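Peer 1: After the sequence you'll find the predicted model.
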Amino acid sequence: MKFIDEATITIQSGDGGRGCMSFRREKFVPRGGPDGGDGGKGGDVVLVTTHRKRTLQQFRFKRQFKAANGGHGQGAQKTGRNGADLIIEIPPGTLITDADSDLMIKDMAVADERFVIARGGRGGLGNTRFKSSTNRAPRHAQPGEPGTCLNIKLELKLLADVGIIGLPNAGKSTLVRAISAARPKTADYPFTTLTPYLGVVQTDWAEPFVVADIPGLIDGAHQGAGLGHRFLKHIERTRILVHLIDADGIDPEHPLAARDTVNRELALFKKSLRAKPQIIVLNKLDLAGAKSKAECFRKALPETDVLSISARNTDGLQQLKSKITQLLDGN
């Protein structure tokens, strides 16, 4: 299934039903008077977050949503039925903005949250409501109020405790497969991960935590290069970052190049991303020559705690999980 994380849809609440103009007509009841009932209220459009939805796939082909109209009033002071509310389920972490003005309407970050985004129109009053001592036979009733029509943009930002970032082919997907039950695609070429993956990591000493495998970032990602800034937004909701670096790809003359490229793109996209806690992890230490290159990296960052792992051989993963849980507990 294609990962859909953005959608623009049109929603419309229901119109209110019109009031009824009617007069009581029964045998032996002369001049029965007005008895027109009110119109029913139009249905609301309600957004509800649920874990049953993981993407915005449902909006790929259907873009128009309308709640039911209220029923019209009837004689004998019968009120029209209220229009049924339209419930639209969306995944937690969805940001709602007005597509026309680009103003944020609601950030629905948690599950089981309800938000009435468009209220239905009020039903019109029947002629019974206008009866008075000076107007005993009112011959007018109100029309129902129209519903509200909005063009809204839905933008999904994944919720995870830990975001795994790095250049393409740094081994992010392999790491997620090694520490969780998630199964993102892995291969010996860049950009094998085209959509974010979430995985739950279990430990024997702390609460489970959720990791997000973020597709690889390259120079110019904040401007759309590579997979672009489409996935940078998913890092915003993570609490800490694991910055994974391919130790075998380190240039001894410029050992920090890979780290600096990714951090620069984070800062250019949003400064708050660069301020997130980071764990620097050198991967692929099982490859020949990687250890000497890793040492060059460590010498360039003498005051930084740098972890070394081999995601393929699962070496150093316990130490990494321990470091992650320590940061999460203290963050």
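Peer 2: That came through fine.
Peer 1: From now on I want contacts and neighbour counts done on CA atoms only, so please keep to that.
Peer 2: Fine.
Peer 1: tell me which strands and helices the helix or strand of the chain with the lowest mean pLDDT is in contact with?
Peer 2: Across the helices and strands of the chain, mean pLDDT, DSSP states H and E gives its lowest value to strand 197-201, namely a mean of 80. Applying 3 or more CA pairs under 8 Å, 6 or more residues apart in numbering; DSSP states H and E, one finds that strand 197-201 makes contact with strand 209-213.
Peer 1: try 10 Å
Peer 2: Packing partners of strand 197-201 (3 or more CA pairs under 10 Å, 6 or more residues apart in numbering; DSSP states H and E): strand 162-165, helix 172-179, strand 209-213.
Peer 1: would you turn these into TSV with mean pLDDT?
Peer 2: Shown next, in TSV, are these (pLDDT from 0 to 100):
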stretch	mean pLDDT
strand 162-165	90
helix 172-179	88
strand 209-213	84
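Peer 1: Reformat these as CSV; add distance to Leu156.
Peer 2: Below are the helices and strands packed on strand 197-201 laid out as CSV (distance: least, CA to CA, whole Å):
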stretch, distance to Leu156
strand 162-165, 15
helix 172-179, 21
strand 209-213, 14
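Peer 1: Nearest to Val242 among those would be which one?
Peer 2: For those, proximity to Val242 was assessed by CA to CA; strand 162-165 is nearest, at 4.8 Å.
Peer 1: my guess is Leu156 meets Arg54, correct?
Peer 2: Yes - using CA atoms under 10 Å, Leu156 is in contact with Arg54, at 9.1 Å.
Peer 1: Now the common contact residues for these two.
Peer 2: Ile4, Asp5, Ile90, Pro91, Pro92, Gly93 (CA atoms under 10 Å, 6 or more residues apart in numbering).
Peer 1: what pairs with the least confident helix or strand of the chain, and is each one parallel or antiparallel?
Peer 2: Strand pairing for strand 197-201, determined by DSSP bridges: strand 209-213 (antiparallel).
Peer 1: Now distance to Met104 and mean neighbour count too, for the helices and strands packed on strand 197-201, in JSON lines please.
Peer 2: Output for the helices and strands packed on strand 197-201, formatted as JSON lines (distance: least, CA to CA, whole Å; neighbours: other CA atoms under 10 Å):
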{"stretch": "strand 162-165", "distance to Met104": "25", "mean neighbour count": "26"}
{"stretch": "helix 172-179", "distance to Met104": "32", "mean neighbour count": "22"}
{"stretch": "strand 209-213", "distance to Met104": "25", "mean neighbour count": "23"}
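Peer 1: Quick one: closest of those to Asn69.
Peer 2: Going by CA to CA, the one of the helices and strands packed on strand 197-201 nearest Asn69 is strand 209-213, 42.4 Å.
Peer 1: Residues contacting that closest one, please?
Peer 2: Contacts of strand 209-213 (CA under 10 Å, 6+ apart): 158-166, 171-177, 179-180, 182, 184, 193, 195-203, 234-235, 238, 240-242, 321, 324-325, 328.
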